[in-house]
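A.B. asks: sharing a model that was predicted from the sequence below.
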Amino acid sequence: MIGQVGRTQLSLLGSVQPKGNQPVQTLETTNETDAIDVETTDSDSIVYDKYGNTEVFGINVGNSLLANQFSEEDVKRWNQINQEQGPLKNIWEEIVGTGNTGYSTGYSMSFFDFCYLAEKGKMVNPQNALSSNEAQQQIQSKNWFTFFKNTTVNGKGIDVQDAMQHLDILQRCYEMGLINNRGGLMSEDELRATINKQKYDEQRAFLEKQYAKDLETKELEVNSLEKAKQAYNDSI
């Protein structure tokens with residue numbers, strides 16, 4: 001059975017409701033709010049270089065697509081996990097390559113984007129999303145215990161039991177559709193395409209709603225004009 005998120009590190013799923021049978025929330029990308037329902041980071045805190053790397057609050061977050069959604073507290077926390085090669089970083093590195101033939105980690109989803117999406121727990125790609133049982137089956141099909149047992153950081157073994165507890169986060173990634181149909185983590189291009197499609201769908205829905213509202217307004221105006229004409233005719 002997959003354990004709970006380790007207590008020795010701040011839980012990335014601290015703000016997520018218990019899974020149970022509740023559906024994963026949908027990724028939001030509207031013009032009125034930020035991409036995933038949090039306060040947008042001040043643009044002055046974000047710096048882009050010519051290589052496509054992004055720096056937020058003085059921390060390099062790689063080829064992040066969601067950097068403008070990060071809070072300073074989260075960036076520092078994720079950066080600590082990144083530098084210490086914590087279990088979540090080990091999981092990210094493993095699923096980056098799985099099923100992503102032709103992709104290098106330089107073109108994978110940024111580790112910081114991965115942390116951000118995993119923490120928010122909102123649906124990313126319904127087409128790839130698995131049920132809770134299906135996600136557990138996928139995780140259990142790989143011998144993660146052996147993987148962690150053979151993982152070293154700075155030449156030393158890691159706490160295998162603690163690492164195993166972080167597989168809850170991987171399960172949530174399957175449920176959110178973050179794992180593509182090749183069995184690997186969504187690439188940067190796949191994430192960008194998903195975000196752009198959602199923005200397009202929402203913009204189209206907004207325009208359709210506005211069009212319907214305009215038709216309703218026009219109909220009211222026509223009805224008002226007809227009533228005015230009738231009132232005039234009745235007064236003659």
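C.D. replies: Good, I have the coordinates. Numbering: from 1, shown residues only.

A.B. asks: where in this protein is pLDDT low?
C.D. replies: By pLDDT under 70, the weakly predicted segments of the chain are 1-44, 99-106.

A.B. asks: quick check, central residue of it?
C.D. replies: Central residue of the chain (Cα atoms, centre = their mean): Leu117, 3.1 Å from the mean position.

A.B. asks: C-alpha coordinates for the helix or strand containing it, CSV please?
C.D. replies: Element membership of Leu117, judged by DSSP states H and E, is helix 111-120. This file holds the C-alpha atoms of helix 111-120, laid out as CSV (Å, rounded to 0.1, in the frame of the first residue of the first chain):
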residue,chain,number,x,y,z
PHE,A,111,11.0,20.2,-11.9
PHE,A,112,9.5,23.3,-10.4
ASP,A,113,6.5,23.1,-12.7
PHE,A,114,6.1,19.5,-11.6
CYS,A,115,6.2,20.5,-8.0
TYR,A,116,3.7,23.3,-8.5
LEU,A,117,1.2,21.1,-10.4
ALA,A,118,1.6,18.2,-7.9
GLU,A,119,0.9,20.5,-5.0
LYS,A,120,-2.1,22.2,-6.5
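
A.B. asks: what about that helix, distance to the chain center?
C.D. replies: 6 Å (Cα atoms, centre = their mean, to the nearest Å).

A.B. asks: paired strands for the helix or strand following that helix, with orientation please.
C.D. replies: Counting by DSSP H and E, the next helix or strand C-terminal to helix 111-120 is strand 122-123. Paired neighbours of strand 122-123 in the sheet (DSSP bridges): strand 25-26 (parallel).

A.B. asks: one step back: the residue nearest to the centre of the chain touches Val124, doesn't it?
C.D. replies: Yes. With contact defined as Cβ atoms under 8 Å, Leu117 and Val124 form a contacting pair (6.0 Å). Placement of C-beta: from N, CA and C, glycine included.

A.B. asks: before we move on, the earlier item: ok, the residue nearest to the centre of the chain to Arg77 distance?
C.D. replies: Per Cβ to Cβ, to the nearest Å, Leu117 is found 15 Å from Arg77.

A.B. asks: tell me which stretches of the chain form strands.
C.D. replies: 25-26, 46-48, 54-56, 59-60, 122-123, 152-153, 156-157 (DSSP state E).

A.B. asks: so which of those strands comes closest to Ile236?
C.D. replies: strand 25-26 (58.5 Å; Cβ to Cβ).

A.B. asks: quick check: longest helix in this protein by residues?
C.D. replies: With secondary structure taken from DSSP state H, the chain has its longest helix at helix 188-235.

A.B. asks: centre of the chain to that helix, how far?
C.D. replies: Its chain's C-alpha centre and that of helix 188-235 lie 31 Å apart, by Cα atoms, centre = their mean.

A.B. asks: what angle do that helix and helix 111-120 make?
C.D. replies: 50 degrees (axes from the mean of the first three to the mean of the last three Cα atoms, to 10 degrees).

A.B. asks: Leu178 is nearest to which of the strands of the chain?
C.D. replies: Comparing the strands of the chain by their distance to Leu178 (Cβ to Cβ), the top pick is strand 122-123, with 9.7 Å.

A.B. asks: neighbours of the closest residue to Ser64 other than its chain neighbours, how many?
C.D. replies: Excluding the flanking residues, the one nearest Ser64 by Cβ to Cβ, 6 or more residues apart in numbering is Ser110, at 4.3 Å. The tally of other residues near Ser110 (other Cβ atoms under 10 Å) stands at 22.
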